[in-house]
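# quick one: sequence and predicted model below, then my questions.
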Amino acid sequence: MPQIPVIDLSEALAGDPAARLRTGQEMDRTCREIGFFTIAGHGVPAAVMDGLRDTANAFFALSLEEKRRAVHPVPGTPRGYIALGVEALSHGNAVETPPDLKEYYHFGREGWPDEPYYTSEEGRRYFRPNLWPERPAGFAEAAANYYAAMEALTVEMMRLAALGLGIPEHFFDDKIDRHITAMRLNHYPEQHQAPAAGQLRAGAHTDYGLLTILNGENVPGGLQAQTRDGRWLDVETDPRSFVVNIGDLLMRWTNDRWVSNVHRVVNPPDSEAARSRRLSIAFFHHPNYDASIECIAPPGGAKYPPVLSGAYRDEKYRQTRVAAA
């Protein structure tokens with residue numbers, strides 16, 4: 001496979017049952033071979049995408065001193081600004097590397113019902129208040145608009161996934177209706193000194209949820225995905241489209257029918273390093289924390305025992321942290 005496939009969602013999102021089944025089956029064929037694809041015809045307004053991108057760029061252009069005012073006061077809390085040197089994604093796949101060459105802003109949904117699922121001790125581990133900086137203005141609104149658009153898109157994506165897997169279209173609905181999805185604005189700054197040996201913008205890793213929906217930029221020092229035979233493919237990340245990749249939990253849920261590919265963000269060429277920066281916006285879709293993930297497999301054919309979604313995410317997140325924020 002020379003490049004990442006493109007799947008057009010426009011006919012499926014228009015509601016035609018035959019088109020929805022065809023699109024789901026196209027997802028299934030793709031994800032059996034490589035768990036990466038680009039989606040076109042997704043229906044997300046350009047204004048929503050640009051609104052968050054422009055806001056994020058304005059934030060990361062601030063001085064480090066001002067950005068650090070948005071660091072969460074409780075170390076290790078996945079909200080607010082995270083500086084360079086805190087995370088090494090490859091550690092989640094048991095590969096030791098220096099910290100990734102990125103900074104990021106971490107947030108979740110902006111509000112939730114006053115119900116025990118959200119407000120209990122366990123619920124508060126996943127539903128945490130966001131932390132917003134003083135500048136730029138409108139950060140929270142831009143983030144909430146984008147988050148809502150991704151919620152709507154992932155509902156459709158999971159219904160199409162179900163059709164592709166040959167299970168009822170709404171199988172996933174009650175397992176993602178109170179999801180614990182987090183978002184990150186990943187900023188890969190210019191590199192004014194040579195990286196350490198083995199140090200990348202983001203080390204080779206797999207994502208650990210259901211779907212990651214990424215909006216990026218085609219600039220030097222970008223995303224690469226590894227095929228089953230070990231080749232690295234450059235992944236185009238046009239600002240008007242989304243790249244989708246399968247996470248470890250969905251691979252497990254499908255009994256390894258779908259693949260969660262190793263991927264990385266490479267450094268720019270030396271000739272571009274001092275002036276090449278990159279922004280990517282990632283929506284890490286993850287099921288309800290109390291959802292039991294049981295392999296979709298024939299009786300007696302499951303490769304993995306059931307696991308709770310929240311506990312699975314907690315362990316994976318812990319493995320990637322290399323320092324307190």
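Looks like it came in fine. Numbers count the residues shown, from 1 in each chain.

# what mean pLDDT does stretch 263-278 get?
Taken as a whole, stretch 263-278 has a mean pLDDT of 79.

# mind checking pLDDT for Gly216?
So Gly216 comes in at 89 (pLDDT).

# need the three-state assignment for His187.
strand (DSSP: H, G, I helix; E, B strand; the rest coil).

# which residues are in contact with it?
By Cβ atoms under 8 Å, 6 or more residues apart in numbering, the contact list for His187 reads 56, 60, 102-105, 277-279. C-beta: built from backbone N, CA, C; applies to glycine.

# go again using 7 Å as the cut-off
60, 102-104, 279 (Cβ atoms under 7 Å, 6 or more residues apart in numbering).

# what's the closest of those to Ile4?
Leu279 (19.6 Å; Cβ to Cβ).

# give the contact list for the closest one.
53, 56-57, 185, 187, 217.

# pLDDT value on Glu96, please?
In this model, Glu96 carries a pLDDT of 67.

# could I get the contacts of Leu279 as JSON lines with distance to Asn255?
Output for those, formatted as JSON lines (distance: Cβ to Cβ, whole Å):
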{"residue": "Arg53", "distance to Asn255": "37"}
{"residue": "Ala56", "distance to Asn255": "37"}
{"residue": "Asn57", "distance to Asn255": "41"}
{"residue": "Leu185", "distance to Asn255": "34"}
{"residue": "His187", "distance to Asn255": "37"}
{"residue": "Glu217", "distance to Asn255": "35"}
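
# mind giving me the PyMOL command for buried ones among those residues?
Those of these that count as buried under 16 or more other Cβ atoms under 10 Å are selected in PyMOL with:
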select buried, resi 53+56+185+187+217
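
# one step back: among the contacts of His187, name the ones in strands.
103-104, 279 (DSSP state E).

# in this protein, what helix or strand scores lowest on average pLDDT?
helix 309-320 (a mean of 83; mean pLDDT, DSSP states H and E).

# and it, how far out from the chain middle?
Computed by Cα atoms, centre = their mean, to the nearest Å, the chain-centroid distance of helix 309-320 equals 14 Å.

# who's Phe242 bridged to?
Ile39 (DSSP bridges).

# number of nearby residues for it?
25 (other Cβ atoms under 10 Å).

# wait, doesn't it sit right on Leu211?
No. Here Phe242 does not reach Leu211: they are 10.1 Å apart, not a contact under Cβ atoms under 7 Å.

# before we move on, the earlier item: out of the ones in strands among the contacts of His187, which is nearest to His42?
Leu279 (19.0 Å).

# phi, psi of Ala144?
The phi/psi pair for Ala144 (degrees, to the nearest 10) reads phi -60, psi -40.

# isn't it up against Gly111?
No. Using Cβ under 7 Å, Ala144 is not in contact with Gly111, being 8.5 Å away.

# higher neighbour count, these two?
With neighbours defined as other Cβ under 10 Å, Ala144 and Gly111 compare such that Ala144 has more, 16 against 10.

# the spatially closest residue to that one that is not a sequence neighbour: neighbour count?
Nearest non-adjacent residue to Ala144, counting by Cβ to Cβ, 6 or more residues apart in numbering: Glu110, 4.6 Å away. Counted with other Cβ under 10 Å, the neighbours of Glu110 add up to 15.
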